[in-house]
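>>> please work out how this folds:
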Amino acid sequence: NTALWGFLGVNMVLPIGGADMPVVVSLLNAFSGLATSAAGFMLSNDLLTISGALIASSGTLLSDIMCRGINRSMGNVLLGGFGTDGSSAAAAPGARGRQDVSEVSAMGFVGMLFGAKKVVIVPGYGLAVARCQQKLAEIVAML
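Predicted coordinates for the structure are as follows:
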């Protein structure tokens, strides 16, 4: 029984992409809260039941907030990787087909920045991973 559920859990989580993983971790945390709450019911332990319910509700709420933040539904996050080869984001269900990408050189990018009327910079996880905060501050100072 444990091997069957372990196999199912691994196969449900493997197709999920890296950007969606925080949502899945939060959802799995919510499921652990449900299990804790169920254990509290079985053991007639009020503290275990309440703490499990708090964990489950906070994990579910956090998962929902993160899904809204990335503008995707929970079903799309959980089932979005099935039936694709995983080679590109355009291969995911619900994507708007194949989109053209044009590469710009560093000087071309600078020209685009200086020619723009407004520039919106949305720092995200990739900026932190690449450790580009200082470079972004220099670009903002130049503009």
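>>> which helix or strand in the chain has the lowest average pLDDT?
helix 125-130 (a mean of 72; mean pLDDT, DSSP states H and E).
>>> can I get that one as PDB, trimmed to CA atoms?
Output of helix 125-130 as PDB, limited to C-alpha atoms (Å, rounded to 0.1, in the frame of the first residue of the first chain):
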ATOM      1  CA  TYR A 125      13.100  34.900  -8.500                       C
ATOM      2  CA  GLY A 126      15.400  34.800 -11.600                       C
ATOM      3  CA  LEU A 127      16.900  38.100 -10.700                       C
ATOM      4  CA  ALA A 128      17.800  36.900  -7.200                       C
ATOM      5  CA  VAL A 129      19.200  33.600  -8.500                       C
ATOM      6  CA  ALA A 130      21.300  35.400 -11.100                       C
END
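>>> just for this structure, where's the confidence low?
When residues are selected by pLDDT under 70, those of the chain lie in 81-98, 125.
>>> for L27, see how far away the residue nearest to the spatial centre of it is.
The chain has D20 as the residue nearest its centroid, 2.9 Å off, counting by CA atoms, centre = their mean. In this view, D20 and L27 are 10 Å apart by CB to CB, to the nearest Å. In short, each C-beta sits where N, CA and C put it, glycine included.
>>> circling back to that earlier point, tell me how far the helix or strand just after the least confident helix or strand of the chain lies from the chain's centre.
Using DSSP states H and E, the helix or strand that follows helix 125-130 in sequence is helix 133-142. Chain-centre distance of helix 133-142: 27 Å, with CA atoms, centre = their mean, to the nearest Å.
>>> ok, C67 touching P22?
No: assessed by CB atoms under 8 Å, C67 is found out of contact with P22, at 10.4 Å.
>>> who's more crowded, the two?
Set C67 next to P22 and count neighbours by other CB atoms under 10 Å: C67 wins out with 20 against 16.
>>> what sits closest to the more buried one if chain neighbours are left out?
Take C67 and drop its neighbours on the chain: the residue closest to it by CB to CB, 6 or more residues apart in numbering is M74, 5.3 Å away.
>>> mind giving me the packing neighbours of the strand or helix carrying M42?
M42 is part of helix 21-43, with elements assigned from DSSP H and E. Applying 3 or more CB pairs under 8 Å, 6 or more residues apart in numbering; DSSP states H and E, one finds that helix 21-43 makes contact with helix 46-69, helix 74-79.
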